[in-house]
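Undergrad: have a look at this prediction, sequence included:
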Amino acid sequence: MDYNQFFTTALDRLHDERRYRVFADLERMAGRFPHATWHTPKGPRNVVIWCSNDYLGMGQHPKVIGAMIETATRMGTGAGGTRNIAGTHHPLVQLEAELADLHGKEAALLFTSGYVSNQTGIATIARLIPNCLILSDELNHNSMIEGIRQSGCERKIFRHNDVAHLEELLRTAGPERPKLIACESLYSMDGDVGPLAKICDLAERHGAMTYVDGVHAVGMYGARGGGVAERDGVMHRIDVLEGTLGKAFGCLGGYIAAKASIIDAVRSYAPGFIFTTALPPPICSAATAAIRHLKTSSWERERHQERAARVKAILGAAGLPVMSNETHIVPLFVGNPEACKRASDLLLEEHGIYIQPINYPTVAKGTERLRITPSPYHDDGLVDRLAEALLQVWERLGLPLKQRSLAAE
Ligand SMILES: *Cc1c(COP(=O)(O)O)cnc(C)c1O
């Protein structure tokens with residue numbers, strides 16, 4: 001039996017479909033965000049990162065770095081165990097309290113990542129509800145889909161952000177059937193926002209529980225960085241709010257925040273929580289520092305929105321196909337996997353601009369795109385250079401431009 005053949009065939013398939021992934025070997029420079037060194041086969045080069053999910057640059061904030069170093073020096077590196085066996089340390093307990101407060105919930109529970117929090121969180125919650133029907137937005141993240149699958153519960157998918165379709169499914173299920181609605185607050189590939197208030201209305205009317213992934217909004221929206229749910233005044237109406245410490249908070253880890261009974265049940269039953277080593281103390285301290293900073297400082301949030309608006313305006317005025325939305329994500333439509341990869345390669349190699357191509361299966365075939373994420377630290381000069389580089393690449397690859405809008409110029 002030639003086992004190796006199975007793997008090479010699988011890889012060939014990805015190459016044929018033009019979706020074999022190549023990772024950029026980066027060395028970020030603390031204090032010089034968004035500048036980084038790109039380690040190429042030909043040696044190191046300076047590049048500007050335009051696709052990081054460290055949306056606010058908090059991963060390099062002096063308070064966050066300071067907290068990590070101070071805690072590592074005082075307490076060492078790892079947690080040294082699972083939560084049950086010697087791994088529950090004080091910075092982790094403080095972080096969970098900080099997160100519960102951030103979302104105005106009774107309790108919060110930390111996981112190794114946002115992925116794990118969704119996968120094991122949804123699976124455990126749904127499994128503990130007898131005969132639970134899960135209603136899932138069609139564009140939900142893979143981690144939620146895996147959690148739903150793992151729960152073994154029946155699931156129905158509603159059209160993206162379509163509350164009429166959701167209502168139809170809720171009504172069909174009837175008032176007696178336990179139901180869990182799973183959706184995101186901000187969908188990161190299109191940058192659109194879920195109708196949370198309407199979803200809460202429906203959940204209350206039809207007796208359903210709500211589980212909201214706020215990964216791409218926590219830290220960035222709401223007066224204290226509680227996310228879109230805080231901004232829209234619906235946090236108290238959401239049963240389970242899930243978030244990450246790996247994006248706007250610049251660290252690593254995931255969490256859910258909810259009523260104490262839900263948190264205690266997940267803590268007690270979730271395999272992906274129980275059978276794994278707890279997050280290290282330095283990471284927990286760093287995340288707490290980031291959350292605390294963003295609870296009171298709105299400079300990052302305001303500047304972030306202003307920068308995103310500027311990038312959209314400049315690229316749009318240049319005729320580049322910005323996919324419109326109301327958030328900080330700037331997707332540029334390409335619509336072809338090869339052109340998307342080629343555009344990304346040219347930007348990196350010829351312009352020192354790093355924007356990873358987003359191809360299937362992350363987005364639907366035919367909607368391949370460059371996903372640009374401006375941060376508070378992408379200044380006017382960098383924005384102008386981005387627009388010039390994109391125009392050159394668009395011309396080189398014969399990609400279509402829209403009518404230049406003179407008014408915006
Ligand atoms: C990134 C992401 C996650 C996973 O979070 P990590 O902390 O990176 O594991 C979950 N949900 C959505 C919508 C995401 O984009």
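TA: Ah, there it is.

Undergrad: how much space separates the residue lying closest to residue 252 once chain neighbours are set aside from residue 319?
TA: Among residues not flanking residue 252 along the chain, residue 246 sits closest, at 5.0 Å (C-beta to C-beta, 6 or more residues apart in numbering). (Glycine included, C-beta is placed from N, CA and C.) Distance of residue 246 to residue 319, computed by C-beta to C-beta, to the nearest Å: 35 Å.

Undergrad: neighbour-wise, which of those two wins?
TA: Using other C-beta atoms under 10 Å, the more surrounded residue of residue 246 and residue 319 is residue 246, with 20 against 15.

Undergrad: just say helix, strand or coil for the more buried one.
TA: coil (DSSP: H, G, I helix; E, B strand; the rest coil).

Undergrad: ok, the closest residue to the ligand within the chain - contacts?
TA: The minimum distance from the chain to the ligand, using C-beta to the nearest ligand atom, falls at residue 114 (2.3 Å). The contact partners of residue 114, taken as C-beta atoms under 8 Å, 6 or more residues apart in numbering, are 143, 213, 215, 242-247, 253-254.

Undergrad: and for residue 379, the neighbour number?
TA: Counted with other C-beta under 10 Å, residue 379 comes out at 11.

Undergrad: just the pLDDT at it, thanks.
TA: In this model, residue 379 is scored at 98, pLDDT.

Undergrad: and the one 3 residues further on, by the same measure?
TA: At residue 382, the pLDDT value in this model is 98.

Undergrad: for whichever helix or strand it is part of, packing partners?
TA: Residue 382 belongs to helix 380-396 when assigned by DSSP states H and E. The criterion is 3 or more C-beta pairs under 8 Å, 6 or more residues apart in numbering; DSSP states H and E, and the helices and strands that helix 380-396 contacts are strand 43-49, helix 299-317, helix 337-351, strand 353-354.

Undergrad: the longest one - what's its average pLDDT?
TA: Read it as helix 299-317. Mean predicted lDDT for helix 299-317 stands at 98.

Undergrad: which residues of this structure lie near the ligand?
TA: When proximity is defined as C-beta under 6 Å from any ligand atom, the chain approaches the ligand at 113-115, 118, 141, 143, 184, 188, 213, 215-216, 244, 246, 254.

Undergrad: specify which member of those is nearest to residue 127.
TA: residue 118 (14.3 Å; C-beta to C-beta).

Undergrad: for the nearest residue to the closest one once chain neighbours are set aside, which residues are in contact?
TA: For residue 118, ignoring the flanking residues on the chain, the nearest one in space by C-beta to C-beta, 6+ apart is residue 143 at 3.8 Å. By C-beta under 8 Å, 6+ apart, residue 143 lies in contact with 114-119, 213.

Undergrad: recalculate using a threshold of 7 Å.
TA: By C-beta atoms under 7 Å, 6 or more residues apart in numbering, the contact set of residue 143 is 114-115, 118-119.
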